[in-house]
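S.K.: I'll drop the sequence and a predicted model, then ask my questions.
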Amino acid sequence: MELPLHGLDVIVGGRIRDQRLKAIKNLLKDYPFAYSVHCPESLNLMNREEIAAEKAVFKSLVEFSHEIGSRILVYHPGRFKSEVEIRLSQRKRLSPLEKVEGKKRERNILKEFSVLLRQAKVILGMENARPFIGEKGYTYAEEIGELAKQVKDIDEENIGITLDIGHAYLSTMLYNQDFIRTIAKVKPRLKHMHLQDNCGRPSYFQEKDQDLLVAHGRGDMHMPPGWGEIPFEKAVQALEPAGCLLVMEVRPRYFEYIKESRQRLEDLLP
């Protein structure tokens, strides 16, 4: 079970609310799940202007993950351009040097926090990003090879990759890459997987209405495995994800198909 931090109201202004943490722990103790925690998508360790606030949120996220016994903390790597800024077409784009400096800043912060992660017995999974038509380069993490290189350069045992299989399929289709060969690049650092299906047809950033997107098979659909076009059997064979924490990350509109999805997942795994 993956808990989205941005839906829990447990971290406010970079600090944990103790009463809310106590209430969440009291609720979770009644369930036998393994847990992962998803950072808010707004967290950006490349954000030079507000880096103190970003680091405070990240530190509290590690502490929260430890408190609830989460094995994995999922982080969307830094964006050169946030999803809010995508709407601001006049904003100055970063230079190649600024991008290099941003990635270095993120590496240094994560190496610094690797000690805290180790003490908390939490693994950080850096997740590959979904692509948008016309926005190539808003984050390096839409390119799986670039994400794998960043994690390799950080070179900490407790910092690996969360592979979102749906994001990977969209990215490889948009940029005309071989899906299986591309995802195989993460195998040495693979810690966690998000399993969800789509039709491999990327959308524009502004396209958000799932009721309209589903019929045409566009965008980051998060459908049950088997509904779309992702070759899951070949993907599982290429990755051999033994020991990974697997999360079936489908949208709420598909929750009535959870049993069907679980059976599909069990059939896929050796």
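M.R.: Cool, got the structure.
S.K.: surely His6 and Leu43 touch.
M.R.: No: His6 sits out of contact with Leu43 when judged by CB atoms under 8 Å, with a separation of 9.3 Å. Heads up, the C-betas are built off the backbone N, CA and C, glycines and all.
S.K.: the two: which has the busier surroundings?
M.R.: Leu43 (21 against 13; other CB atoms under 10 Å).
S.K.: which secondary structure element is home to that one?
M.R.: Secondary structure assignment for Leu43, by DSSP states H and E: no helix or strand.
S.K.: going forward, the N-terminal residue is numbered 479.
M.R.: OK, 479 is where the count begins now, so the last one is Leu521.
S.K.: for this structure, what spans make up the strands?
M.R.: Using DSSP state E, the strands of the chain run over residues 480-482, 489-490, 493-494, 514-516, 550-553, 601-605, 637-642, 668-673, 723-726.
S.K.: TSV for those strands, including mean neighbour count, distance to Arg742 and mean pLDDT?
M.R.: Formatted as TSV, the strands of the chain follow (neighbours: other CB atoms under 10 Å; distance: least, CB to CB, whole Å; pLDDT from 0 to 100):
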stretch	mean neighbour count	distance to Arg742	mean pLDDT
strand 480-482	17	18	95
strand 489-490	16	34	96
strand 493-494	14	37	98
strand 514-516	24	20	97
strand 550-553	25	22	98
strand 601-605	26	22	98
strand 637-642	26	17	98
strand 668-673	24	9	96
strand 723-726	19	9	91
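S.K.: turn the ones you listed into CSV, including distance to Tyr732.
M.R.: Shown next, in CSV, are those (distance: least, CB to CB, whole Å):
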stretch, distance to Tyr732
strand 480-482, 15
strand 489-490, 28
strand 493-494, 32
strand 514-516, 18
strand 550-553, 20
strand 601-605, 20
strand 637-642, 16
strand 668-673, 12
strand 723-726, 10
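S.K.: of all the ones you listed, which lies closest to Leu746?
M.R.: Nearest to Leu746, of all those, is strand 668-673, at 8.4 Å by CB to CB.
S.K.: each with direction, which strands does that closest one pair with?
M.R.: strand 637-642 (parallel), strand 723-726 (parallel) (DSSP bridges).
S.K.: distance from the chain centre to stretch 707-723, please.
M.R.: In terms of CA atoms, centre = their mean, to the nearest Å, the centre of stretch 707-723 is found 17 Å from the chain centre.
S.K.: how far does stretch 669-685 sit from the chain's center?
M.R.: 11 Å.
S.K.: for that stretch, buried residues please.
M.R.: Of the residues in stretch 669-685, those with enough neighbours to count as buried (16 or more other CB atoms under 10 Å) are 669-681, 683, 685.
S.K.: kindly check the end-to-end length of that stretch for me.
M.R.: End-to-end distance for stretch 669-685: 31 Å, by CA to CA, to the nearest Å.
S.K.: and for stretch 658-665?
M.R.: 11 Å.
S.K.: what does that stretch contact?
M.R.: Contact with stretch 658-665 is made by 606, 622-623, 625-626, 639, 641, 643, 646, 649-650, 709, 712-713, 716-718, as judged by CB atoms under 8 Å, 6 or more residues apart in numbering.
S.K.: redo that, cut-off 10 Å
M.R.: With contact meaning CB atoms under 10 Å, 6 or more residues apart in numbering, stretch 658-665 is reached by 604, 606, 621-627, 629-630, 638-641, 643, 646-647, 649-650, 653, 655-656, 668, 671, 709, 712-713, 715-719.
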